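sequence and predicted model, in that order:
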Amino acid sequence: MDQAFGLKQMSNSGSGAQRRKIGRPPVVISVSSGKGGVGKTNVVLNTAIALRDMGKRVLILDADMGLANIDVMLGIAPKYNIAHVLSGQKGIREVVVQGPKGIIILPASSGTTELLNMGESEKLFLLEEMEEFGDEIDVMLIDNSAGISDNVLYFNIAAGHRVVVVTSEPTSITDAYALIKILVTRHKIKDFSLLVNQVRDMQEGQRVFKQLARVTDRFLGALSLDYLGCIFKDENVSKAICQQQALIEIYPESEASRAIREVASRILNMVNSRGEVKQDGNIKFFWQHLFLAWGKEG
Ligand SMILES: Nc1ncnc2c1ncn2[C@@H]1O[C@H](COP(=O)(O)OP(=O)(O)OP(=O)(O)O)[C@@H](O)[C@H]1O
Ligand SMILES: [Mg+2]
């Protein structure tokens, strides 16, 4: 797999019709969960590929500081990360790596500490790099690490859309609630989409959604919690992970792949209906908000 991947190449090799129309900024969707191991990375990776199959140009920001992140899932070893961009050693095009089907991965993991300590000129440099880069993608998906660390909160605040992944385990539901609660009460974030993973049947997904919606409604007041759907517990998920390949590529007809394609089309609808023209969903605003959030804490 190419280490340094020219994005221009990708736009040329893909269909020309995929080029985003001017005035339609890329949308930024942050995927998080509270509890670890619920399936964020798997969802992000496969949704990215499904969106790519639907003609969207997708970037994954691998913001997971843990071990089980996108590069491990795909068996790739990125040489550089966002810190190399900030230090001026590399341009963003040299840092991103190509994933399956032409999705692009921006490794942020070990660069995140550097991001926290960035000076004004470095921020500006990154903003400029990202702005130019933003012209070549339609959707940016952020694969967050587990928990409610400052980084997870910042990425959620800065993103235009927030997807929270849960399973039916009570610990997952309470951790998802804790994440939503902090974002609502401390940061005035009001809209979330819920994705229930590893369910036995559709009813289980609905039940978890209703349960969480009831509690947020009761204790957090007016907020919008959409149901993005559910993904069945499917042994093909771990089989694909063991083979270090994307589920949707090697088991496209599995239950989980079908569900992920549905999730991807709902994301597209969501993006089309409320996101694409909104400024706060796009890449430049994402980074600006991120800097603002960091600035406030620092
Ligand atoms: N739909 C599913 N069916 C069966 N197993 C699943 C499913 N989704 C995820 N898993 C299992 O859960 C494990 C964790 O998945 P994943 O790494 O995507 O979670 P995560 O939320 O990103 O974890 P972390 O919080 O550590 O980043 C995987 O190894 C996989 O085996
Ligand atoms: Mg993960």
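That came through, no problem. Ligands and ions are numbered 1, 2, ... in the order given.

and the strands in the stretch 1-150 of the chain?
Listed in chain order, the strands of the stretch 1-150 of the chain (DSSP state E, counting those that start in this stretch) span 27-32, 58-63, 97-98, 104-107, 139-144.

okay if I get those strands as CSV plus distance to K181, mean neighbour count and mean pLDDT?
Using the backbone N, CA and C atoms, a C-beta is placed for each residue, glycine as well. Below are these laid out as CSV (distance: least, CB to CB, whole Å; neighbours: other CB atoms under 10 Å; pLDDT from 0 to 100):
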stretch, distance to K181, mean neighbour count, mean pLDDT
strand 27-32, 13, 27, 90
strand 58-63, 21, 26, 89
strand 97-98, 35, 22, 92
strand 104-107, 29, 24, 90
strand 139-144, 16, 27, 90
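
the helix ranked longest in the chain near ligand 1 at all?
Ranked by residue count and defined by DSSP state H, the top helix of the chain is helix 202-220. No. Applying CB under 6 Å from any ligand atom, one finds helix 202-220 separated from ligand 1 by no less than 11.3 Å.

for ligand 1, see how far away Q89 is.
Noted for Q89: a distance of 28 Å to ligand 1, by CB to the nearest ligand atom, to the nearest Å.

now that residue, what are its backbone angles?
Torsion angles at Q89 (phi, psi; degrees, to the nearest 10) stand at phi -70, psi -30.

which ones are touching it?
Residues near Q89 by CB atoms under 8 Å, 6 or more residues apart in numbering: Y80.

repeat for G91
V85, E129.

any figure for the gap between it and ligand 1?
Distance of G91 to ligand 1, given as CB to the nearest ligand atom: 28 Å.

for the stretch 101-250 of the chain, what spans make up the helices?
112-116, 120-134, 150-158, 170-185, 202-220, 235-242, 247-250 (DSSP state H, counting those that start in this stretch).

deepest of these, which one?
Greatest average neighbour count among these goes to helix 150-158 (a mean of 22), per mean count of other CB atoms under 10 Å.

any regions of the protein where pLDDT drops low?
For the chain, the stretches with pLDDT under 70 are 1-25, 65-68, 109-124, 127, 271, 273-285, 291-298.

what residues does it put near ligand 1?
Residues of the chain lying near ligand 1 by CB under 6 Å from any ligand atom: 33, 36-42, 64, 66, 68, 145-146, 197-198, 231, 233-234, 237-238, 241, 256.

pull out the buried members of those.
33, 38-42, 64, 145-146, 197-198, 231, 233-234, 237, 241, 256 (16 or more other CB atoms under 10 Å).

circling back to that earlier point, next, the angle from the longest helix of the chain to helix 170-185.
Inter-element angle recorded for helix 202-220 and helix 170-185: 40 degrees (by axes from the mean of the first three to the mean of the last three CA atoms, to 10 degrees).

tell me who's in contact with the closest residue to D53 other than its chain neighbours.
Counting by CB to CB, 6 or more residues apart in numbering, D53 lies nearest to K101, which is 6.9 Å off, once chain neighbours are set aside. Contact analysis of K101 by CB under 8 Å, 6+ apart lists I49, R52, D53, E249.

what residues are up against whatever residue of the chain ends up closest to ligand 2?
In the chain, the residue found nearest to ligand 2 is T41; the distance is 3.2 Å by CB to the ion. T41 makes contacts with D64, A68, N69, I70, M73, D143, as judged by CB under 8 Å, 6+ apart.

give me the residues contacting stretch 188-202.
Residues external to stretch 188-202 that are found in contact with it (CB under 8 Å, 6+ apart): 38-39, 43, 156-157, 161-168, 176, 180, 183-184, 204-205, 208-209, 212-213, 222-233, 263, 270.

how about a cut-off of 7 Å?
Applying CB atoms under 7 Å, 6 or more residues apart in numbering, the external contacts of stretch 188-202 come out as 38-39, 43, 156-157, 161-168, 180, 183-184, 205, 208-209, 212, 223-233, 263, 270.

now the contacts of K101 as TSV including distance to S193?
TSV is the format used below for those (distance: CB to CB, whole Å):
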residue	distance to S193
I49	19
R52	20
D53	21
E249	25
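
may I see the ChimeraX selection of the buried members of those?
Buried members of the contacts of K101, defined by 16+ other CB under 10 Å, are picked up in ChimeraX with:
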select :49,52
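
filter the contacts of K101 down to the ones in helices?
Those of the contacts of K101 mapping onto helices are I49, R52, D53, E249, per DSSP H.

pretty sure the last one sits against P100.
This means E249. Yes. The criterion here is CB atoms under 7 Å, and E249 meets it with P100 at 5.6 Å.

overlap of the contact sets of these two?
I49.

which one of the contacts of T41 is nearest ligand 1?
Comparing the contacts of T41 against ligand 1 with CB to the nearest ligand atom places A68 closest, at 4.3 Å.
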